[in-house]
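Trainee: using only what follows, build the 3D model:
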Amino acid sequence: MMTKQNSLRYLLMLFLLPLAQHAFSFAPGMPVELQCEHLIRPIGIDAPNPRFSWKMNDPRQGARQLAYRIVVGRDSAGLVSGKETVWASGKLASASNLVSYQGKALEAFTKYYWLVETWDKDGKAASATSSFEMGMLKSANWKGTWISDSQDPNTKPAPYFRKVFAAEKKIASARAYVACGGLYELYLNGRKVGNHRLDPMYTRFDRRTLYVTYDVTSQLQTGKNAVGVLLGNGWYNHQSTAVWDFHKAPWRNRPTFCLDIRITYADGSTETVSSGRDWKTALSPVIFNSIYTAEHYDARQEQLGWNIVNFDDSKWRGVIPRSAPSDNIVAQALHPVRNVETVPARSMNKINDTAYVFDLGRNISGVSQIRVSGKAGTVIRLKHTERLYANGRVDMSNIDQHYRPTDDKDPFQTDIFILSGNGEESFMPHFNYKGFQYIEVTADQPVQLSQQSITGYFMHSDVPVLGKVSSANPTIDKIWFAANNSYLSNFFGYPTDCPQREKNGWTGDAHIAVETGLYNFDGITVYEKWLADHRDEQQPNGVLPSIIPTDGWGYEWGNGPDWTSTIAIIPWNIYKYYGDSKILADNYSNMKRYVDHITDIAPSGLTEWGLGDWVPVSTKPPVEFTSSVYYFVDATILAKTAKLLNKPEDAQQYAALADKIKAAFNQKYLNTGTSSYGTGLQTELSMPLYWGLVPEDQKAKIAANLAKKVQEANNHIDVGLLGTKAILNALSENGYADLAYKVAAQETYPSWGWWIVNGATTLYENWRIDAKNDISLNHIMFGEVGAWLYKGLGGIFTDEQQPGFRNVILRPNFVTGLDHFEASHEGPYGKIVSSWKKNGNAVTYEVTVPPNSTATVYFPLNGRQKAYAGGKVAGEKTQLQAGKYAFEIR
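Mentor: Predicted structure coming up:
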């Protein structure tokens with residue numbers, strides 16, 4: 001029974017919770033930012049043992065958590081009273097803030113509440129509550145039938161579907177569950193449900209199909225309701241043709257969907273409204289849609305009110321049942337794609353009465369929206385590009401070279417909008433996105449446009465921002481901004497290489513940029529989904545394709561350890577940054593099969609399987625060199641993972657394999673007499689240093705030779721994709737931080753800053769801005785520089801022994817030529833800040849260590865310098881508890 005005291009405590013807790021969830025300062029030690037499966041109050045999840053996580057809101061010095069307890073139940077009030085609980089952990093003496101559910105089996109469609117109570121450093125308790133809701137859990141719980149309007153994948157117009165149903169009783173809550181082969185938009189009573197774009201995310205459709213859950217309580221009404229669905233092709237029915245043979249995908253078919261709307265009434269009864277034979281269908285005004293190229297819309301074919309109750313659908317026809325794309329239908333539990341940012345046109349150039357060019361002022365991924373008036377039948381074309389010709393018209397030549405159109409009906413990145421003539425009209429694509437900065441609008445009849453006629457929308461997976469960098473050098477800040485722009489432009493439920501020419505999940509680009517992503521954004525949910533894509537695509541012998549997901553292309557070219565090491569590198573980095581080992585456990589057998597395959601084909605310890613240092617400035621090591629380094633990296637990660645997962649025999653086996661690879665590599669490529677690798681290229685010297693293959697007695701000499709090589713290049717890089725991951729880190733982590741900064745801050749060719757001073761707002765694919773090929777202007781593959789800013793200047797590192805920033809490693813570098821630098825990162829325990837500023841010959845260094853964590857600081861002291869805190873000398877290596885600190889180095 002709930003006592004009066006407990007009842008008051010619970011009501012107080014409910015009142016305070018919204019404040020706690022937004023981390024406003026009140027009771028020290030209060031748990032805040034409660035998450036389940038790394039999401040806030042998720043609905044429709046399938047995880048049988050969901051993960052709970054939280055932070056402490058405690059700014060006090062030395063703040064820590066002595067113990068916690070978790071209670072999970074169906075009744076929010078029962079969390080205090082003990083009624084209807086399904087798990088109570090009991091009080092556990094632990095600092096852990098990431099805990100998996102260990103109670104009774106969770107039930108489908110059920111909302112659960114959970115309470116976490118923590119005890120702070122003084123033994124005082126504080127608690128907070130949140131909730132999560134289970135989804136289908138298993139395919140047998142679906143009531144709906146998979147339906148479509150045909151089985152012809154060549155039909156161009158997108159189909160509408162609708163049904164009217166009655167909800168005769170008072171509605172307490174309602175959820176819509178939608179699974180789809182293709183893309184969809186869901187409507188209830190004339191309004192679009194939710195603000196997601198491009199649901200569901202791209203998977204290998206014949207092996208795993210995603211469904212999405214929406215809370216539709218507020219959009220239903222007692223009495224009659226209308227549900228409508230608009231289907232798009234997406235990657236399921238690729239009608240455009242390009243070199244990757246998307247149009248030949250083994251799963252390709254006309255889009256199809258399955259829908260259940262589960263209504264819970266106030267009296268406790270439930271009713272499910274489902275897709276089935278009683279639905280009706282018609283073709284929509286979306287007369288063509290391609291995720292790869294563009295969308296065409298004929299406003300003359302609009303059927304106003306098609307998704308409301310009183311619409312006359314007597315001319316619509318019946319639907320056809322279809323088989324599900326796969327038997328594996330699972331929840332899409334991740335941050336969705338949205339129109340995240342509105343980007344108004346910065347300028348407009350009127351060419352004539354039928355042609356206008358708009359400039360957004362920055363390169364983005366996403367769509368444009370036009371508002372225009374004109375005569376019925378006027379054809380408007382919106383051509384999206386990254387460049388302009390000298391005459392001011394848009395230039396598509398750098399991004400359409402892999403497109404293989406069969407006619408002129410599907411122009412690349414060119415939306416077509418046919419006006420209805422009914423006053424001002426607007427159009428924005430439903431099922432497409434592009435990479436662009438410029439939009440050329442042409443019409444077959446004169447139209448009047450203004451700068452406000454076009455608006456851009458930056459679309460990407462809407463991952464929360466975790467990091468920030470600021471410095472005294474505007475070029476460095478712009479490089480950081482450009483790296484983030486390119487990272488987000490290539491995050492659409494899976495990491496891609498570029499948002500225009502390909503939209504492919506190139507594995508090499510992704511593992512190079514993963515730390516840039518993790519320092520800046522909360523991407524774990526997307527990466528967990530993408531590693532499931534890896535499991536779907538892996539062949540029985542362990543081979544992975546170079547692009548994931550894929551229709552089958554990429555098993556024969558572009559893969560190898562230098563690219564498809566994503567199977568090891570991504571999970572290991574997620575573990576380091578989040579302290580969450582689930583992704584390692586989920587992919588362990590896949591990592592083993594992958595490494596074992598390389599061992600089978602390369603018994604000597606060296607492998608030539610791979611692409612090599614892609615798009616280098618001028619020099620490139622042998623593929624065997626770079627691929628063997630990544631083979632070593634994979635074996636090393638596998639050995640560490642085996643140890644972590646308590647597999648001692650595997651740990652021993654793969655540690656021995658890593659030693660074998662290292663020995664073979666050094667025997668062939670290391671010249672101990674000259675302290676050099678290979679022919680002494682920048683990539684050849686930096687990769688072994690960064691990835692840990694250099695013998696201890698050779699490190700300083702190799703680092704010195706690397707520095708000399710860079711200085712011979714006038715402090716510029718001469719590397720490709722793989723070299724960029726290593727070079728700045730190899731320098732700054734081996735005593736040459738000043739030189740690394742000079743390289744990073746360069747503004748002449750070849751450098752990141754060279755792009756910036758030439759107007760870049762994203763990272764490019766080629767160091768040469770006048771290259772004839774490989775010159776996408778929004779590529780993430782050279783994006784490690786964004787992570788290096790946190791590491792090489794801010795000095796913020798994870799600690800493998802205490803991952804998830806349980807202990808923060810701080811190795812700042814107060815580099816010559818930069819007066820101020822600050823990096824912050826919101827880790828699993830809270831905000832980490834590393835900030836330094838020069839004052840004459842002294843440096844002020846300020847640090848924030850989150851509650852319930854610690855930090856180890858390594859001061860870069862030169863000569864007679866010492867670090868002082870509160871007038872007292874601090875050691876060159878100093879251990880800190882949680883809190884804020886200020887040091888002076890002089």
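
Trainee: what confidence value was assigned to Asp312?
Mentor: Looking at Asp312, its pLDDT is 98.

Trainee: again, but for the one 5 residues further on
Mentor: Listed pLDDT for Arg317 reads 98.

Trainee: please apply the same query to Asn862.
Mentor: Note on Asn862: pLDDT of 88.

Trainee: now do the SS call for it.
Mentor: Recorded secondary structure, Asn862: coil (DSSP: H, G, I helix; E, B strand; the rest coil).

Trainee: list the contacts for Gly190?
Mentor: By CB atoms under 8 Å, 6 or more residues apart in numbering, the residues touching Gly190 are 226, 305, 307-308. From N, CA and C alone the C-beta is placed, and that goes for glycine too.

Trainee: and the strands in the stretch 601-750 of the chain?
Mentor: With DSSP state E, counting those that start in this stretch, the ranges of strands along the stretch 601-750 of the chain come out as 670-671, 676-677.

Trainee: got any ranges where the chain has weak pLDDT?
Mentor: 1-26 (pLDDT under 70).

Trainee: still on that earlier bit, save the strands of the stretch 601-750 of the chain as JSON lines, and put in mean neighbour count too.
Mentor: Formatted as JSON lines, the strands of the stretch 601-750 of the chain follow (neighbours: other CB atoms under 10 Å):
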{"stretch": "strand 670-671", "mean neighbour count": "16"}
{"stretch": "strand 676-677", "mean neighbour count": "24"}
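
Trainee: looking at those, which is nearest to Ala299?
Mentor: Among the strands of the stretch 601-750 of the chain, strand 676-677 comes nearest to Ala299, with 62.6 Å by CB to CB.

Trainee: part of a helix, is Tyr845?
Mentor: No: Tyr845 is assigned strand when assessed by three-state DSSP, not a helix.

Trainee: in contact with it, which residues are there?
Mentor: 812, 814, 834-836, 859, 867, 886-889.

Trainee: just Gly795 next, same as before
Mentor: By CB under 8 Å, 6+ apart, the contact set of Gly795 is 809-813, 834, 858.

Trainee: mind giving me the ChimeraX select for those, buried ones only?
Mentor: Command for ChimeraX that selects the buried part of the contacts of Gly795, burial taken from 16 or more other CB atoms under 10 Å:
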select :809,810,811,812,813,834
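
Trainee: take the contacts of Gly795 and keep only those in strands.
Mentor: The strands, defined by DSSP state E, take in 809-810, 834, 858 from the contacts of Gly795.

Trainee: related to what we said a few turns ago, and the contacts of Gly795 as a markdown table, adding distance to Leu777?
Mentor: Below are these laid out as a markdown table (distance: CB to CB, whole Å):
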| residue | distance to Leu777 |
| --- | --- |
| Ile809 | 35 |
| Leu810 | 35 |
| Arg811 | 34 |
| Pro812 | 33 |
| Asn813 | 31 |
| Ser834 | 32 |
| Tyr858 | 38 |
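
Trainee: from the contacts of Gly795, pick the one nearest Gly735.
Mentor: Nearest to Gly735 among those, with distances taken as CB to CB, is Asn813, at 10.0 Å.

Trainee: what's around Asp122, how many residues?
Mentor: Look at Asp122: counted by other CB atoms under 10 Å, it has 10 neighbours.

Trainee: how far away is it from Asn97?
Mentor: 18 Å (CB to CB, to the nearest Å).

Trainee: ok, back up a step: now tabulate the contacts of Tyr845 in a markdown table and tack on distance to Val86.
Mentor: Output for those, formatted as a markdown table (distance: CB to CB, whole Å):
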| residue | distance to Val86 |
| --- | --- |
| Pro812 | 47 |
| Phe814 | 53 |
| Ser834 | 42 |
| Ser835 | 45 |
| Trp836 | 49 |
| Phe859 | 50 |
| Ala867 | 51 |
| Ala886 | 47 |
| Phe887 | 49 |
| Glu888 | 54 |
| Ile889 | 54 |
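
Trainee: and Ile583, how close does it get to Lys224?
Mentor: 46 Å.

Trainee: neighbour count winner among those two?
Mentor: Each of Ile583 and Lys224 had its neighbours counted (other CB under 10 Å), and the higher figure belongs to Ile583 (20 against 14).

Trainee: isn't that one right up against Ile574?
Mentor: Yes: Ile583 lies in contact with Ile574 (CB atoms under 8 Å); the separation is 4.8 Å.

Trainee: joint contacts of those two?
Mentor: Common neighbours of Ile583 and Ile574 (CB under 8 Å, 6+ apart) are 524, 527-528.
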